[in-house]
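*Asks:* Whatever this is, show me its structure:
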Amino acid sequence: MPAMTPEEYEKNFRSEAAKLVRADLIEGFSHNNLIGDVSRKKHAKAFSQIVKGFIHLTMRNEKAAKALLELYELTDINLDEPTALARICQFESDIGFLAPALAECVGASSSSSTRTFLQLFEPGNPFPGPLEQGKYATHTWDIVGLLGSFEDEHSPDYQPVIRAWRERIIAFVARGPDGAGLREWKSAGMSHDMAEIALVVDAEKNDGMRYLEGDAYIGPATRRGRLLDIATQIHPTDEADVLWNDVCRRFLMKGE
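*Replies:* Now for the predicted structure:
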């Protein structure tokens, strides 16, 4: 394959779509696998049937089933495949990644000897591919960024942010949270200053990192907060586990 000219390189990798923007985090691996699977079609219909069959009929909670479909805008069973799958993978990210991380924070913070830290990685994926460039952060792009792969293909907006984030992660591993300058996650009942604080990687200012209080990312008005509330409505103790095992994994593994 002939080498690209500088003009071709600029067109492919330095486009306006590569400008660093905040993006919703979704599970990119599942999306990329399923979008190319010719045996898996009508994703919105399949997901809706699982939600209604389990939450509405098995768990006898029609209200929660309706709320979940409305929350991820999956009420239209004829939704086009890329849009439906992206929204389902958004649900997967929230219930399969954020919810367990939050549970770990809650459990660990109850111990006086365990310091807890939470990070949200949300810079839009800069690479062209099955997912629209720059629209979503993914659980594959974060590893690529951490390992420093393809850094020469990042736009000037991305390079300093990803490098600063990588340096902070390495500092955390090598010198601990104080050496990395991280602020500790504490539950709302334990802290009066920035409760449930998370480090968010998403912006061009301050090396692309900022802190958010829990109300901003899991509060009752947020998508994640509303999801956690729905989980509680479905099962008072198993909560998110039920949504992960009986809705999300069922869709990912079987699609029915």
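*Asks:* quick one, longest helix in this structure?
*Replies:* Selection of the longest helix in the chain by residue count, based on DSSP state H, yields helix 158-180.
*Asks:* all strands of the chain, in order?
*Replies:* Here the chain has its strands, by DSSP state E, at 24-26, 119-121, 136-138, 198-201, 209-212.
*Asks:* Which positions within stretch 66-80 qualify as buried?
*Replies:* By neighbour count, with 16 or more other Cβ atoms under 10 Å as the criterion, the buried positions of stretch 66-80 are 66-69, 71-72, 74, 79. Heads up, the C-betas are built off the backbone N, CA and C, glycines and all.
*Asks:* er, stretch 145-159 actually
*Replies:* By neighbour count on 16+ other Cβ under 10 Å, the buried set for stretch 145-159 is 145, 153-155, 157-158.
*Asks:* Can you give me the first-to-last residue distance of that stretch?
*Replies:* Taking Cα to Cα, to the nearest Å, stretch 145-159 runs 9 Å from one end to the other.
*Asks:* before we move on, what about stretch 151-164?
*Replies:* Stretch 151-164 has its terminal residues 13 Å apart, counting by Cα to Cα.
*Asks:* From the chain's centroid, how far away is it?
*Replies:* When distances are taken as Cα atoms, centre = their mean, to the nearest Å, stretch 151-164 is centred 20 Å away from the chain's centroid.
*Asks:* Now do the residue nearest to residue 162 when sequence neighbours are not counted against residue 249, distance only.
*Replies:* When the adjacent residues along the chain are set aside, residue 162 lies closest to residue 145, with 4.7 Å between them (Cβ to Cβ, 6 or more residues apart in numbering). Plainly put, residue 145 is 27 Å away from residue 249 if you go by Cβ to Cβ, to the nearest Å.
*Asks:* Turn the buried residues of stretch 66-80 into CSV, columns for pLDDT and distance to residue 51.
*Replies:* Converted to CSV, those look like this (pLDDT from 0 to 100; distance: Cβ to Cβ, whole Å):
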residue, pLDDT, distance to residue 51
66, 97, 9
67, 97, 10
68, 97, 6
69, 98, 6
71, 98, 11
72, 97, 10
74, 97, 8
79, 96, 14
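*Asks:* returning to what we had before: tell me which of the strands of the chain sits most buried.
*Replies:* For the strands of the chain, average neighbour numbers computed from mean count of other Cβ atoms under 10 Å are highest in strand 136-138, which has a mean of 25.
*Asks:* Show me what that strand is packed up against.
*Replies:* Other helices and strands packing on strand 136-138, by 3 or more Cβ pairs under 8 Å, 6 or more residues apart in numbering; DSSP states H and E, are strand 24-26, helix 28-35.
*Asks:* And these, which one averages the lowest pLDDT?
*Replies:* Mean pLDDT values for the helices and strands packed on strand 136-138 show the minimum at strand 24-26, a mean of 66.
*Asks:* ok so, going back, how about the longest helix of the chain, which residues are buried there?
*Replies:* Within helix 158-180, the residues that qualify as buried by neighbour count (16+ other Cβ under 10 Å) are 158, 161-163, 165, 168, 171-172, 180.
*Asks:* Contacts for that helix, please.
*Replies:* Contacts to helix 158-180, defined as Cβ atoms under 8 Å, 6 or more residues apart in numbering, come from residues 18, 20, 115, 117, 121, 123, 126, 145-146, 148, 151, 154, 181-182, 184, 201, 203-204, 207-209.
*Asks:* 10 Å instead?
*Replies:* Residues outside helix 158-180 that contact it (Cβ atoms under 10 Å, 6 or more residues apart in numbering) are 18-20, 115-117, 119, 121, 123-124, 126, 134, 141-142, 144-148, 151-154, 181-184, 199, 201-209.
*Asks:* Can you list the residue ranges for helices in this structure?
*Replies:* Ranges of helices in the chain, per DSSP H, are 6-13, 28-35, 43-51, 62-71, 81-93, 99-109, 141-147, 158-180, 214-218, 223-234, 240-243, 249-253.
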